[in-house]
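Engineer: Let me see the structure of the following:
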Amino acid sequence: MEQNRLNKIKRSVAGGLVGAFLFLLAACNSGSSSSEQWKANNDDAYNQIKKNSNWALISTPEGPTGVYCQVLVAGKGDEHPIQTASVTVNYTGKYYTGTVFDSGTSVTFNVNGVVIGLGVALQNMVVGDKWNVCIPYYLGYGASIYSSIQAYTTLFFEVELLKINQYP
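Structural biologist: Numbers count the residues shown, from 1 in each chain. Predicted coordinates:
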């Protein structure tokens, strides 16, 4: 009698573990599905920018970068920060949905201390420029999750170059 009770408990525990495993598997699959949808939505947002004549592709001597910009205010001068320069900016970072993920006022950092796409944009700006910038995921955080930013995220920034602080 005691053996039958133990067998029922084992079957019940085993069934519960199988059920929990199937639940977790379903949760993981639904997560990948939503991350695939996130990637598709971000790709679509980037492709819409590429087709929009109000956005210009930033090119370097090496060729097109994949980063698009929209000049809101044109600065004066001809000095551009180099990759290792320190700059001061105002910025707002957004997802394609318009949700703000980061912002700052009079923030100082090195151009090579930000995602590649933002660095490319900054190196093409002059003091006083204020741009909208669209950065494809592969020039942002790529396939990696960074803080609250999901993998495959197209980044949108409004950035104003206030000052080039120093050249190393």
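Engineer: Am I right that residue 127 is in contact with residue 78?
Structural biologist: No. Taking CB atoms under 8 Å as the definition, residue 127 is not a contact partner of residue 78, at 10.2 Å. Using the backbone N, CA and C atoms, a C-beta is placed for each residue, glycine as well.
Engineer: Between the two, point out the one with more neighbours.
Structural biologist: Each of residue 127 and residue 78 has its neighbours counted (other CB atoms under 10 Å); residue 127 has more, 17 against 6.
Engineer: Show the contacting residues for residue 141.
Structural biologist: Residues counted as contacts of residue 141 (CB atoms under 8 Å, 6 or more residues apart in numbering) are 115, 149, 151, 153, 155.
Engineer: okay, it: pLDDT?
Structural biologist: Residue 141 carries a pLDDT value of 96.
Engineer: And for the one 5 residues further on?
Structural biologist: The pLDDT attached to residue 146 in the predicted structure is 92.
Engineer: any idea how far residue 41 is from it?
Structural biologist: According to CB to CB, to the nearest Å, residue 146 stands 18 Å off from residue 41.
Engineer: before we move on, what about residue 99?
Structural biologist: 12 Å.
Engineer: Which one's more surrounded, these two?
Structural biologist: The residue with more neighbours, out of residue 99 and residue 41, is residue 41; 16 against 8, by other CB under 10 Å.
Engineer: What strand or helix carries that one?
Structural biologist: Under the criterion of DSSP states H and E, residue 41 resides in helix 2-51.
Engineer: Identify each buried residue in the helix or strand immediately after that helix in the chain, please.
Structural biologist: Once the chain leaves helix 2-51, the next helix or strand it forms, by DSSP H and E, is strand 56-60. For strand 56-60, burial by neighbour count (16 or more other CB atoms under 10 Å) applies to residue 58.
Engineer: right, and the helix or strand after strand 56-60?
Structural biologist: Using DSSP H and E, the helix or strand that follows strand 56-60 in sequence is strand 63-73.
Engineer: Now do the SS call for the closest residue to residue 60 other than its chain neighbours.
Structural biologist: Beyond its immediate neighbours in the sequence, the residue positioned closest to residue 60 (CB to CB, 6 or more residues apart in numbering) is residue 120, lying 6.9 Å away. The three-state label given to residue 120 by DSSP: H, G, I helix; E, B strand; the rest coil is helix.
Engineer: separation between residue 120 and residue 80?
Structural biologist: Distance, residue 120 to residue 80, using CB to CB: 11 Å.
Engineer: quick one, which of those two is more surrounded?
Structural biologist: Per other CB under 10 Å, whichever of residue 120 and residue 80 has more neighbours is residue 120, with 22 against 16.
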